[in-house]
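Trainee: With the input below, show me the fold.
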Amino acid sequence: MQLTGLEIAIFVAYMVAVMSIGFISGRKGKDSAAHYFLAGRGLPWYAIGFSLIASSISTEQFIGEVGWGYRYGMAVCNWEWLCWPAQGLLLFFFLPLYLKNRVYTVPEYLRRRFGTLSGTTFAMVCIIMYAVVNLPLVLYSGGFVLSQIFGLNLHLAIWMLALTAGVYAIYGGLSAVVWTDMLQGILLIGGGILIFFLGVNAVPGGLSEIIGTGERSHLVLPADHPELPWTGMILVAFISSGFYYTSNQYITQRCLAAKTQWDGKMGIILAAFLAIPLALSVTWPGMIAYALNPNLENPDAAYPYLISTLVPTGLRSILFAALIGAIMSTIDSLLNSTSSLLTLDIYKKFFNKDASDKTLVRFAQICGAILLIFATLWCPMVGRFESIFNYVQDCWALMLAPCMAVFFLAIFWKRATNTAAVITLLCAFPMLLIVFLRQFYGIFNEINIFNLAGIIFAASVVVMVTVSLFTKRTEPEKLEQTVWRPDMLALPQEELDRGYPWWKRIWLWWTILVIVFVIIYIKFW
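Mentor: Next up is the predicted model:
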């Protein structure tokens, strides 16, 4: 595809703007651990909300989720419209505990709740998950987009993305990540909405034709559906999405950096509201592509197909910028969070307890560079899966089930013990092996992946409860601050004393949000 001079200029201007924002906002991060890892704990709610969305959306969605939308229709919207239960868990239960304990990382919470070994084990699970699953996925899918649109060599495109996206994140830390994410979040939703309206206008029959008939027109599919049974969707909402929003470092890190608990909670609610147009941006384009051409050889090529057939010259640069922004916003988040875990939970904890801020920042920057190189070299493994979206969903669904069991019992059950947590967390490692056995040898293929995750979650709860009952209790002093209590639903008194008018109330906005989603599900049941 040949871009015009104006389109190239717009695209270059966007890249310059992102890099400039990253370096300017991250200039404090290079000298201060608090700024590098948690943006000085000064993020406002709107920056948190848009950063949550931008970090969670990448070419995995623009390519993989659009491809699934092409295959299966409306039910794929559950990946965006059924996140609110998980966001509610973070909003009302997990975030108050994290902020009360003033933690830098999620594994740090587990160390305070149980002990050093459980926190370190979880940090290693996350590091492996980010390095082996998430970063390679984002880089591969981004390279796939560039190769499809511009005809670049796939491996060259992957390395170009890695070098471009990693620079400001490694330099400036979380401040650079969040403020660039805000711009990228606005653009990626806007670009997706542009495709949506162009598609509605281009498809004869409009919305009704895009929604289609039969299973394609429903959010809830039968329990025996091979890929998207309603049982699996519920399990996705509470296990995969549950972990993703409550215990996933590269998502929760934004909330840990909130300047107040209200800002952290309101940022989550904003992200939940943004999920409504987000589905129109990353699922409906697949449905539109199917309405226009149901015979595409590769469903993952649906989004590039729409760009080449729907978007007029002059606007294509906006869509390319949105795609690149989606890639960069996830890469920068993953790099910052993974290097935070390696630095604070491994290096500082075991190798240099008295390290200065500059030493910690420098170590984190080196880790970020090494991680980026490793993930780029691992990318070809992603291409061996049937679908880009299949790769991440399979890996996440199984690896996260034991982790979610640990966190669920950690915050709600005082009797849970350190030994039980460590044993259950260690179960996450063989789960990655099961993913590859399913893919290449057909083992467990007869069970839907999300239902299998539910079985593993239930088994993990049984393991943790059983081991807890036969091992040493956690010291009572650790439980007072690390187990959830009903009084944690309220904002801290010092925040209430500053003035808390009715229109700022968390429960008001959460109730409105739930009502909106109930209406959506009644409409498209």
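Trainee: how about the nearest residue to Val516, chain neighbours excluded?
Mentor: Leaving out its chain neighbours, the residue that sits closest to Val516 by C-beta to C-beta, 6 or more residues apart in numbering is Ile276, at 7.1 Å. Every C-beta, even on glycine, is put in place using the N, C-alpha and C of the backbone.
Trainee: show me what contacts that neighbour?
Mentor: Glu80, Trp81, Val516, Ile520 (C-beta atoms under 8 Å, 6 or more residues apart in numbering).
Trainee: run the last query once more with 10 Å
Mentor: Residues in contact with Ile276 (C-beta atoms under 10 Å, 6 or more residues apart in numbering) are Cys77, Glu80, Trp81, Leu513, Val516, Phe517, Ile520.
Trainee: Closest one to Ile331 out of those residues, please.
Mentor: Distance ranking of the contacts of Ile276 against Ile331, using C-beta to C-beta, places Glu80 first at 20.7 Å.
Trainee: Could you list the low-confidence segments of the chain?
Mentor: Within the chain, the stretches with pLDDT under 70 are 1-3, 26-32, 39-40, 58-60, 148-150, 382-393, 396.
Trainee: ok so, going back, next, give me the two most distant ones among the contacts of Ile276.
Mentor: Longest span within these, C-beta to C-beta: Cys77 and Leu513, 16.0 Å.
Trainee: Looking at those two, which is more packed in?
Mentor: The residue with more neighbours, out of Cys77 and Leu513, is Cys77; 24 against 19, by other C-beta atoms under 10 Å.
Trainee: Identify the residue spatially nearest to the residue most central in space within the chain, adjacent ones excluded.
Mentor: What sits nearest the mean C-alpha location of the chain, by C-alpha atoms, centre = their mean, is Ser56, with 3.4 Å. Setting aside the residues directly before and after it, Ser56 is nearest to Ile251 in space (C-beta to C-beta, 6+ apart), at 6.6 Å.
Trainee: mind listing what's buried in the longest helix anywhere in the chain?
Mentor: Counting by DSSP state H, the longest helix found in the chain is helix 174-202. By neighbour count with 16 or more other C-beta atoms under 10 Å, helix 174-202 contains the buried residues 174-189, 191-196, 198-200.
Trainee: Got the phi and psi for Pro222?
Mentor: The phi and psi values for Pro222, taken as degrees, to the nearest 10, are phi -60, psi 160.
Trainee: burial of it, as a residue count?
Mentor: Neighbourhood size, Pro222 [other C-beta under 10 Å]: 11.
Trainee: Next up, the contacts around it.
Mentor: Counting by C-beta under 10 Å, 6+ apart, Pro222 has contacts Glu215, Leu228, Pro229, Trp230, Thr231.
Trainee: buried subset of these?
Mentor: Among the contacts of Pro222, those classed as buried by 16+ other C-beta under 10 Å are Leu228, Pro229, Trp230, Thr231.
Trainee: quick revisit: for the contacts of Ile276, please prepare a markdown table with the additional fields secondary structure.
Mentor: Below are the contacts of Ile276 laid out as a markdown table (DSSP: H, G, I helix; E, B strand; the rest coil):
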| residue | secondary structure |
| --- | --- |
| Cys77 | helix |
| Glu80 | helix |
| Trp81 | helix |
| Leu513 | helix |
| Val516 | helix |
| Phe517 | helix |
| Ile520 | helix |
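Trainee: Pick out whichever of these sits closest to Phe93.
Mentor: Leu513 (16.6 Å).
Trainee: Which residue is the nearest non-sequential neighbour of that closest one?
Mentor: The shortest distance from Leu513 to any non-neighbouring residue, by C-beta to C-beta, 6+ apart, is to Ala272 (5.4 Å).
Trainee: does the one you found belong to a helix or a strand, and which?
Mentor: helix 261-282 (DSSP states H and E).
Trainee: Can you name the next helix or strand after that helix?
Mentor: Following helix 261-282 in sequence, per DSSP H and E, is helix 284-292.
Trainee: Between helix 261-282 and that next one, find me the angle.
Mentor: Angle of helix 284-292 versus helix 261-282, following axes from the mean of the first three to the mean of the last three C-alpha atoms, to 10 degrees, is 10 degrees.
Trainee: any idea how far Glu7 lies from Leu319?
Mentor: 10 Å (C-beta to C-beta, to the nearest Å).
Trainee: Comparing these two, which shows the higher neighbour count?
Mentor: Higher neighbour count among Glu7 and Leu319: Leu319, with 25 against 19, using other C-beta under 10 Å.
Trainee: any idea which helix or strand carries that one?
Mentor: Using DSSP H and E, Leu319 falls within helix 316-340.
Trainee: and the next element down the chain from that helix?
Mentor: Next element after helix 316-340 (DSSP H and E): helix 357-378.
Trainee: For that following helix, name the packing helices and strands.
Mentor: helix 33-38, helix 135-150, helix 154-172, helix 316-340 (3 or more C-beta pairs under 10 Å, 6 or more residues apart in numbering; DSSP states H and E).
Trainee: closest to Leu89 out of those?
Mentor: Among these, helix 316-340 comes nearest to Leu89, with 19.3 Å by C-beta to C-beta.
Trainee: Run the angle between the longest helix of the chain and helix 316-340 for me.
Mentor: 150 degrees.
Trainee: centre of the chain versus helix 174-202, how much separation?
Mentor: Offset of helix 174-202 from its chain centre (C-alpha atoms, centre = their mean, to the nearest Å): 16 Å.
Trainee: in whatever helix or strand comes next after it, what counts as buried?
Mentor: Later in the chain than helix 174-202, the nearest helix or strand by DSSP H and E is helix 206-211. By neighbour count on 16+ other C-beta under 10 Å, the buried set for helix 206-211 is Glu209, Ile210, Ile211.
Trainee: Check stretch 507-514 too.
Mentor: In stretch 507-514, counting by 16+ other C-beta under 10 Å, buried: Trp509, Trp510, Leu513.
Trainee: swap in stretch 12-22?
Mentor: Buried residues in stretch 12-22, counted by 16+ other C-beta under 10 Å: Tyr14, Val18, Met19, Ile21, Gly22.
Trainee: now stretch 347-356
Mentor: So, applying 16+ other C-beta under 10 Å, buried residues of stretch 347-356: Tyr347, Lys348, Lys349, Ala355.
Trainee: re earlier: between the buried residues of stretch 507-514, which is nearest Ala237?
Mentor: Leu513 (14.7 Å).
Trainee: Am I right that that closest one is in contact with Trp81?
Mentor: No: with contact defined as C-beta atoms under 10 Å, Leu513 does not reach Trp81; the gap is 11.2 Å.
Trainee: Find residues that contact each of those two.
Mentor: Counting by C-beta under 10 Å, 6+ apart, the residues touching both Leu513 and Trp81 are Ala272, Ala275, Ile276.
Trainee: From Gly49, how far out is the second one?
Mentor: Same thing as Ala275. When Ala275 is compared with Gly49 (using C-beta to C-beta), they lie 11 Å apart.
Trainee: coming back round to it: ok but the residue nearest to Ser56 is inside a helix, no?
Mentor: Yes: according to three-state DSSP, the state of Ile251 is that of a helix.
Trainee: Next, the contact list for it, please.
Mentor: When contacts are counted by C-beta under 10 Å, 6+ apart, Ile251 touches 51-52, 55-56, 86-87, 90, 106, 243-245, 268, 271, 333, 337.
Trainee: ok, and the most crowded of these?
Mentor: Neighbour counts for those, by other C-beta under 10 Å, peak at Ser51, which reaches 31 neighbours.
Trainee: Assess the claim that that residue and Ile186 are in contact.
Mentor: No: counting by C-beta under 10 Å, Ser51 sits too far from Ile186 to count as a contact (11.0 Å).
Trainee: quick one, phi psi at the residue at the greatest distance from the centre of the chain?
Mentor: The centre of the chain is farthest from one residue, Phe470, which by C-alpha atoms, centre = their mean lies 35.8 Å away. Per-residue torsions, Phe470: phi -110, psi 10 (degrees, to the nearest 10).
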